[in-house]
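Enquirer: Got a predicted structure here, sequence first:
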Amino acid sequence: MGSARRKQAMLTHGIPAYSQSIREWVTTALGPLPFGDQGGPLHARAVSKFTRNGYAMENVIFESWPGWEVNATVYLPLAETFPPPWTPVIMPVGHCAKNDESVQIPAQVFARNGYLVITFDSPGFGEKSAGNDHFIDGVRCYLTGTTSQRFFLLDALRAIDYVSTRPDVDMSHGVGMSGVSGGGVTTTYCTLLDKRITAAAPSCFFSPEVDNPLRNSYAICPETHPIGRYRQGIETTDLLMAVYPTPLLLMAGRFDTLYRADWSRQVADEVAKGYAAGGLGDHCDFYLDESPHDYTIAQAIRAIAWMDRWVRKIPARQLAGISAQGVEMAPAEVLQCHPRSEVNICSMNREEARRLALARRGTSIRTSALKLVGIDDRVLPQIKPAKVDLAEPFPELAENAMQEMLLSSEPGTELPATMLYQPRPKTRTPAILYFDDRGRWADLATNGPLVSMSHLTTQDERKVAVLSVDLRGWGDSSPSHGPYEIYWWGAPQRFLAYVSAAMDDSILGMRIRDGLAALAYLRSLPEIDSDQIVVGGHGMGGVVALHVAEIDGHVRGVFCNDFLSSFEALAASPSYAWQHDAFFPNVLKYYDLPELAADLRVPLLMVNPLDAMKLPLSAAAAKQLYSQALAHETVEVNSEVSAPQVGTIQVKWIDRLWSPTSAHQ
C-alpha cells in the first residue's frame, strides 16, 4: 500500500516530510484529543498505597474525557534505593487488564530500576469493561465517522498529563512509553501525537498488512482500522516510520503466533532503513526475544536500557538482575480503583449520534448516499454487470422458467442470482429485484413469498418476473471461515467490516453498488418493463433496497421486512444482535434510515422494522420513528406482524401496486 511512497521518501531524503504527512493524517483521522495544554481538569484523586517486594504501588483515578475515569496503578521505586524525582514511563495495556502478567511484571522491573511507571486498564478490560468492549462498542464509532482508537489513546496521553503534576516526577527529559500488543499500538500512535514522549519501545504488534490481517483474514480490532487508513496507503510500517525522529526500539517474540517473528523482522528492517535514510540510524533498534506474544523481563531490561539512553540520557549502567522467581503477581484486588463507569465508548458515541442528528438537517439524502457508496451521478449510468454468465433454464417447469446465473457487478466479483420468469411473454412484464441477507433462496423455496408475488405458479394472468441476488458476502457468496474464527471474537463479518472501513469502501456500500448493477441488468432485458421494477429486501437486504431505490430514483416501489429500523439504534442501544457489517461508516453524519425513507417518492412498504436486538418495534414506536415518511400516503408501515402474515401483507401490497386502479399510481 504505502511502500512506493516510503521508498520515494528514502531516495529523496524526504523522511522528515514523509513522517510529518503521516502524523497529519493520524491527527485528522482521530479527531480532537484534549490533552496537554488542551486537556481539561484531571480531577485526580488517590485511592490506595502499598509497599511491595522491592517497589511501591499507588492506585489513582483521573479523568481523560469529562466524566471518563481512568483507573491507574503507579509503580514507584523505593526512595531509599532511588531517591526521587523519577523519570516516568507510560505503559499502556493491551487487550487485557492491568493485573495481567504482561503488565505487572515489566512494570515491576522498571520500578526496581528507578523508573516511575503508570499503567491503566484499556477500554473493555478489567474495571473498564462496562460500555467499553472494543469489539461490541468500538465498531459503533464507524457510524458517527469516528474511531474507537481515540479512547485508547487519550487515556495514555492524559496519563502523561497526570504524571507531570506529581512532585516526585522529573519531566525535564520528557517521558518514555512502552506497551505490548494493543499497548504497542497505543504507544506508536501516542508517540506520533505527543512530543513529550522522547523514546518509545512497543512490543509484539507489527507485521506487514499484506500478510496480517489481509492474507490470513485476521479480524484484528476496529480501533486499529480507522476509516480510510488503507485508502491512504498507511500500513503499520508507515506508522512506525513516522515515529521518526523519536528514538524507537521495536521488540518481538520469536514464538509469537499472532505476529510472527519473520513478519516483525521484515517491518523492523524497513523502519530501520527509513531512520537511516533520515540520518538517524542509531535512533532505531530491534530486539527479538525468545518469547511468545508477551512482555517479558528480558524485554523490560532491554527497554530500560533504551530509556536510560534516550530519555534520562545517562551512561550505560548495571541494571538490577531480576529473575522470574524474583517478581511477584499482586492480587487483582490490590490494583482495584473502583472508577465510575457512566461515561464510556457506548455513551459517548450515543451522544455524538444525537448531536449529529440535530446538525445534519437540510442535507441532501441522495447526494450523501452516493458519497457513502462511492459513486456520483456521472458514474451511476456506467454501473452495470461487467459480465453475466447464464446457466441453461430448468426445463422441468412447465410454463415458467427458472435460470441460475452469475452477475459480475465489478471485475472479479461474481454474484449468484436466481431468476424466475414467464418465457415468451405477450407483453413486457413487471419485475421484482430482491436482496436477502439469509441467501437468495430463503423467500423462493417452498412456495415462498416471492413465488406468490410472481403468480407464476397460479392461473392468474398477472405474471411478475423475480430476480433474487446474493450480494457479496451473502448466500452462496458468503466467505469461508478462517482459523482465527474458532475464537469467540472471530467472524468473517468482522473482517469484512473493519478492513472495508479502512479502505473507505464499506462492505454495505459495495452491496448497494451490487444492487444497482443488478437493477441495471434487469432493466436491460427486453421482456422486462423497465418502468415497472420493484426493489425489495429482507434484513440488511431491506436496507440495501432502500438505498438502491433512493439512488436510482426510478423504481416502481420498495418493500422491506425484518430490517434494521435505524442506524442510530445501533449507536445508542446498550447491546445489539446485528452483525458488524451492518455498521455503515460515516452514515450518521448525513442521514438515518427514517430520513431516507421519508425522502423516497415512490410507494414504500415496511414490515417489522427491527430494533438493535432484532426485535420488532411496537406499532406506536414504528409510527413515531417513521412519522415523516408516513406523511406520504404511499408509505405503509406494519409492525409486530407474525412471520406467516409478513408474506401475505407483501403479496397484497404488490398486487395493488400493479392494479390499474391502485392508489399508488
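Expert: Cool, the structure landed. These numbers come from a predicted model, not from an experiment.
Enquirer: Next one: residue 616 from residue 494, what distance?
Expert: 26 Å (C-beta to C-beta, to the nearest Å). The way it works is simple: take the backbone N, C-alpha and C, and place the C-beta from them, glycine included.
Enquirer: ok, these two, which is more surrounded?
Expert: Neighbour count, other C-beta atoms under 10 Å: between residue 616 and residue 494, residue 494 has more, with 23 against 19.
Enquirer: Quick check: the more buried one touching residue 135?
Expert: Yes - look at residue 494 against residue 135 with C-beta atoms under 8 Å: they come within range, at 7.3 Å.
Enquirer: list the residues that contact both of the two?
Expert: residue 580 (C-beta atoms under 8 Å, 6 or more residues apart in numbering).
Enquirer: What does the pLDDT read for residue 398?
Expert: Model confidence at residue 398, given as pLDDT, is 57.
Enquirer: er, residue 486 actually
Expert: So residue 486 comes in at 83 (pLDDT).
Enquirer: Not counting sequence-adjacent ones, nearest residue to the residue positioned nearest the centre of the chain?
Expert: What sits nearest the mean C-alpha location of the chain, by C-alpha atoms, centre = their mean, is residue 222, with 3.6 Å. Excluding the flanking residues, the one nearest residue 222 by C-beta to C-beta, 6 or more residues apart in numbering is residue 138, at 4.1 Å.
Enquirer: Which secondary structure state does residue 381 sit in?
Expert: helix (DSSP: H, G, I helix; E, B strand; the rest coil).
Enquirer: For it, the count of nearby residues, please.
Expert: 8.
Enquirer: Ok, the one 3 residues further on next?
Expert: The burial count assigned to residue 384 is 17, neighbours taken as other C-beta under 10 Å.
Enquirer: now swap in residue 241 and tell me
Expert: Applying other C-beta under 10 Å, we find 28 residues neighbouring residue 241.
Enquirer: distance of it from residue 19?
Expert: Distance from residue 241 to residue 19, by C-beta to C-beta: 7 Å.
Enquirer: now do residue 379
Expert: Taking C-beta to C-beta, one finds residue 379 at 35 Å from residue 19.
Enquirer: Residue 462 too?
Expert: 67 Å.
Enquirer: quick one: which of those two has more around it?
Expert: Legend: neighbour count by other C-beta under 10 Å for residue 462 and residue 19, higher for residue 19 (22 against 12).
Enquirer: Residues contacting the helix or strand where that one lies, please?
Expert: Applying DSSP states H and E as the criterion places residue 19 in helix 15-30. With contact meaning C-beta under 8 Å, 6+ apart, helix 15-30 is reached by 5-6, 9, 147, 149-150, 153, 189, 192-193, 226-229, 232, 234, 238-239, 241-245, 274-275, 277-278.
Enquirer: List buried residues within those.
Expert: The neighbour-count criterion (16 or more other C-beta atoms under 10 Å) marks 5-6, 9, 147, 149-150, 153, 189, 192-193, 226-229, 232, 234, 238-239, 241-244, 274-275, 277-278 among these as buried.
Enquirer: tell me which strands and helices the helix or strand of the chain with the lowest mean pLDDT is in contact with?
Expert: Every helix and strand of the chain was ranked by mean pLDDT, DSSP states H and E. The lowest is helix 3-11, at a mean of 83. For helix 3-11, the packing partners by 3 or more C-beta pairs under 8 Å, 6 or more residues apart in numbering; DSSP states H and E come out as helix 15-30, helix 236-241, helix 261-277.
Enquirer: Out of the ones you listed, which is the most enclosed?
Expert: The highest average neighbour count among the helices and strands packed on helix 3-11, using mean count of other C-beta atoms under 10 Å, belongs to helix 236-241 at a mean of 25.
Enquirer: Can you show me the CA trace of that one as CSV?
Expert: Presented in CSV, the C-alpha positions along helix 236-241 are these (Å, rounded to 0.1, in the frame of the first residue of the first chain):
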residue,chain,number,x,y,z
THR,A,236,1.9,-0.3,10.3
THR,A,237,5.3,0.2,8.8
ASP,A,238,4.3,3.8,7.9
LEU,A,239,3.0,4.5,11.4
LEU,A,240,6.3,3.2,12.9
MET,A,241,8.5,5.1,10.4
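Enquirer: Quick one: name whatever helix or strand follows it.
Expert: Counting by DSSP H and E, what follows helix 236-241 is strand 248-253.
Enquirer: for the chain, which spans come out with low pLDDT?
Expert: Where the chain drops to pLDDT under 70, the residues are 1, 219, 395-399, 660-665.
Enquirer: Okay, domains of it per the record?
Expert: The chain is divided into the following domains under automatic domain parsing: 3-318, 363-658.
Enquirer: where do the helices sit along the stretch 151-300 of the chain?
Expert: In the stretch 151-300 of the chain, the helices defined using DSSP state H, counting those that start in this stretch lie at 182-193, 236-241, 261-277, 297-307.
Enquirer: Among these, single out whichever gets nearest to residue 530.
Expert: helix 236-241 (47.6 Å; C-beta to C-beta).
Enquirer: And that closest one, what does it pack against?
Expert: Right, helix 236-241 is packed against helix 3-11, helix 15-30, helix 182-193, helix 261-277 by 3+ C-beta pairs under 8 Å, 6+ apart.
Enquirer: Show me what the longest one is packed up against.
Expert: If contacts are counted by 3+ C-beta pairs under 8 Å, 6+ apart, helix 261-277 sits against helix 3-11, helix 15-30, helix 236-241, strand 248-253, strand 284-289.
Enquirer: Does residue 553 touch residue 367 like I think?
Expert: No - with contact defined as C-beta under 8 Å, residue 553 does not reach residue 367; the gap is 11.9 Å.
Enquirer: Common neighbours of the two, please.
Expert: With C-beta under 8 Å, 6+ apart as the test, residue 553 and residue 367 reach no residue in common.
Enquirer: related to what we said a few turns ago, in JSON lines: the domains of the chain, plus distance to residue 357.
Expert: Listed next are the domains of the chain as JSON lines, based on distance: least, C-beta to C-beta, whole Å:
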{"stretch": "domain 3-318", "distance to residue 357": "10"}
{"stretch": "domain 363-658", "distance to residue 357": "7"}
